[in-house]
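A.B. asks: next one to model:
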Amino acid sequence: MNKAFITGANKGIGFATAKQLLEKGYYVFLGSRDLKKGVKAVEKLNHHGFTNVKAIQLDVTDNDSIMAAFNEINKKISALDILINNAGINGGSPYTVLEASPEQFKNTFDTNVFGVASVTKVFIELLGKSDQPRIVNVSSSVGSLTLQSDPTWPAYDYAKYGVYSASKAALNMYTVNLAYELRNTPFKVNAVCPGYTSTDFTDRNGGEVEIAAQRIVKYALINHNGPTGKFFSEETNPQTGEVPW
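C.D. replies: A predicted model of the protein is given here:
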């Protein structure tokens, strides 16, 4: 049975992603900063008949928490097949770069960039023991420098979440470099925008969470001929999915 670890998976897109991977026969480690919320999420999944799932306490901004999560998972499995770096924050208001505080930038980058790098660094060895390791970094189309600077982009005038978009642009560059460094291995590493989705993150505005999760799962399950080092937003580009950096 293949194994997956999803950060920030006790609710929203992460939870829906966990459910879809369980439906496909995966064993899922469900990361949650608050373990009690993670346990409740697992209980919901158990109620729907899914038993191959376990809640893991994980605060991606805390190195001790990351190591504890690794040690717990490492004791249970010999290889990890999928890592989905889903945990993220929107940075809070004010959203413009001139009004946002330095603390907003620091806190957002701690979770959305440094947290991803820290979790990936710790789990890379366990992923490397898989025959087809996959890493999906959950990004956003607002992290595209090309789109954000294009006045003809439909979202040009309302997608200026300065702090959040800056963190996702940095995450995208991390993804490019990670894919490059793993280019001669079986790893596939991609950045995926799930789209504007109705969750707590968006105050319940946007599309269906199941569709967002499908977009993530698609790139978590690509075969050995699949892409790596790419940026996908099927909401932005329904034809090929790929969008410019």
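A.B. asks: what pLDDT, on average, does the longest helix along the chain get?
C.D. replies: In the chain, taking DSSP state H as the definition, the longest helix is helix 162-181. For helix 162-181, mean pLDDT rounds to 97.
A.B. asks: any low-confidence regions in this structure?
C.D. replies: 158-160, 197-207 (pLDDT under 70).
A.B. asks: and the strands in it, which stretches?
C.D. replies: With DSSP state E as the criterion, the chain has strands at 3-6, 27-32, 53-57, 82-85, 134-138, 188-193, 231-233.
A.B. asks: now these in a markdown table, with distance to residue 66 and mean neighbour count?
C.D. replies: (Glycine included, C-beta is placed from N, CA and C.) Shown next, in a markdown table, are these (distance: least, Cβ to Cβ, whole Å; neighbours: other Cβ atoms under 10 Å):
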| stretch | distance to residue 66 | mean neighbour count |
| --- | --- | --- |
| strand 3-6 | 11 | 26 |
| strand 27-32 | 10 | 26 |
| strand 53-57 | 10 | 21 |
| strand 82-85 | 12 | 27 |
| strand 134-138 | 15 | 27 |
| strand 188-193 | 19 | 27 |
| strand 231-233 | 25 | 24 |
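A.B. asks: give me the contact list for stretch 91-103.
C.D. replies: Contact with stretch 91-103 is made by 104, 105, 107, 108, 160, 161, 162, 163, 164, 166, 167, as judged by Cβ atoms under 8 Å, 6 or more residues apart in numbering.
A.B. asks: okay then, goodbye and thanks.
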